[in-house]
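J.: Have a look at this prediction, sequence included:
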Amino acid sequence: MRNKILVSMVILLFACNPSDIINPSSNSDGNTSSDISNLPLGFRKFLDTYTDVYISGDYVVIETEGIPNHQSPYWGSNHSNYTSPHSGMAINPNIISAQNFKFYIPINPTVSNVISSTSLGPIGVSINGVPFFNQYGGPNNQPLSNEIASFDVYNGHPQQTGQYHYHWEPLYLTSTDSSVLIGYSMDGFPIYGPTNQTDGNYPTDLDNINGHTHVTDEYPDGIYHYHATSTVPYLVGGYKGVVGSASGGGYYTN
């Protein structure tokens with residue numbers, strides 16, 4: 001990761017609700033992310049001190065260690081952000097560890113001629129830098145039901161190499177507002193909580209990959225976007241747009 005300017009309130013991110021914080025820094029492409037006014041509004045919502053966001057060509061680049069800014073049993077008992085498993089949780093043996101993700105998200109997403117399938121590993125990234133995974137629990141489209149009991153209270157868990165991730169609505173981000181922007185898909189289209197920002201209702205017109213076109217706070221002219229749902233595919237059921245790329249983090253399994 002590149003040099004970072006630590007914000008004095010960084011430590012409070014582990015205890016407080018998310019706020020619109022971005023970590024200013026210069027990057028290897030010669031761009032500078034300290035002026036966030038060049039970023040689309042939605043990308044200014046990325047907050048974690050372990051995340052850098054900047055523009056490179058046709059992409060918004062998000063560099064993140066992928067570790068959550070909230071408590072979890074998966075930090076390990078000696079970590080300051082460790083918390084005991086909640087009732088009924090079947091904790092898996094993995095421990096959260098910092099990764100080296102680099103997401104290239106299209107700055108101007110375009111609808112593709114065909115909807116492409118998501119794959120194992122990161123299919124997008126949340127505003128706190130944690131990757132989103134798809135609706136399956138492993139190779140050969142194993143049902144996610146085999147893993148749900150291992151989710152912590154915020155609906156996340158790490159896989160074998162310590163990659164913490166969300167398959168479901170990240171409750172830490174939606175705890176005070178279920179309609180907020182929670183992140184971006186790899187195709188550049190935003191992902192929101194389960195309700196509409198315009199009326200607070202659950203959308204009734206989602207397509208089979210959890211998306212529709214509507215006005216949002218970040219996109220007042222309207223944009224295609226995904227919503228978190230309580231049923232399959234939970235977040236993003238396929239890519240509506242042309243997909244960017246991601247690197248880092250090692251072997252992608254759930």
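T.: Perfect, I can see it now. Numbers count the residues shown, from 1 in each chain.

J.: how about the nearest residue to E218, chain neighbours excluded?
T.: Once flanking residues are discounted, E218 sits nearest to G42: 4.0 Å by C-beta to C-beta, 6 or more residues apart in numbering. Backbone N, C-alpha and C define where each C-beta goes, glycine included.

J.: Which stretches in the stretch 101-250 of the chain count as helices?
T.: Under the criterion DSSP state H, counting those that start in this stretch, helices of the stretch 101-250 of the chain are mapped to 171-174.

J.: need the strands for it, in chain order.
T.: In the stretch 101-250 of the chain, the strands defined using DSSP state E, counting those that start in this stretch lie at 101-106, 111-116, 124-126, 131-132, 156-158, 164-166, 181-185, 190-192, 211-214, 223-227, 239-241, 245-247.

J.: Quick one, which of those strands gets closest to M89.
T.: M89 lies closest, by C-beta to C-beta, to one member of the strands of the stretch 101-250 of the chain: strand 156-158, at 9.6 Å.

J.: Quick one: low-confidence residue ranges for the stretch 1-150 of the chain.
T.: 1-35, 48-49 (pLDDT under 70).

J.: Let me have the strands of the stretch 101-250 of the chain in a markdown table, extended by distance to S87 and mean neighbour count.
T.: Converted to a markdown table, the strands of the stretch 101-250 of the chain look like this (distance: least, C-beta to C-beta, whole Å; neighbours: other C-beta atoms under 10 Å):
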| stretch | distance to S87 | mean neighbour count |
| --- | --- | --- |
| strand 101-106 | 32 | 21 |
| strand 111-116 | 39 | 12 |
| strand 124-126 | 25 | 28 |
| strand 131-132 | 26 | 26 |
| strand 156-158 | 16 | 25 |
| strand 164-166 | 21 | 26 |
| strand 181-185 | 25 | 28 |
| strand 190-192 | 29 | 26 |
| strand 211-214 | 34 | 18 |
| strand 223-227 | 28 | 22 |
| strand 239-241 | 37 | 24 |
| strand 245-247 | 35 | 14 |
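
J.: CSV please, covering those strands and showing distance to S37.
T.: CSV is the format used below for the strands of the stretch 101-250 of the chain (distance: least, C-beta to C-beta, whole Å):
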stretch, distance to S37
strand 101-106, 18
strand 111-116, 27
strand 124-126, 21
strand 131-132, 27
strand 156-158, 31
strand 164-166, 29
strand 181-185, 18
strand 190-192, 19
strand 211-214, 25
strand 223-227, 20
strand 239-241, 25
strand 245-247, 26
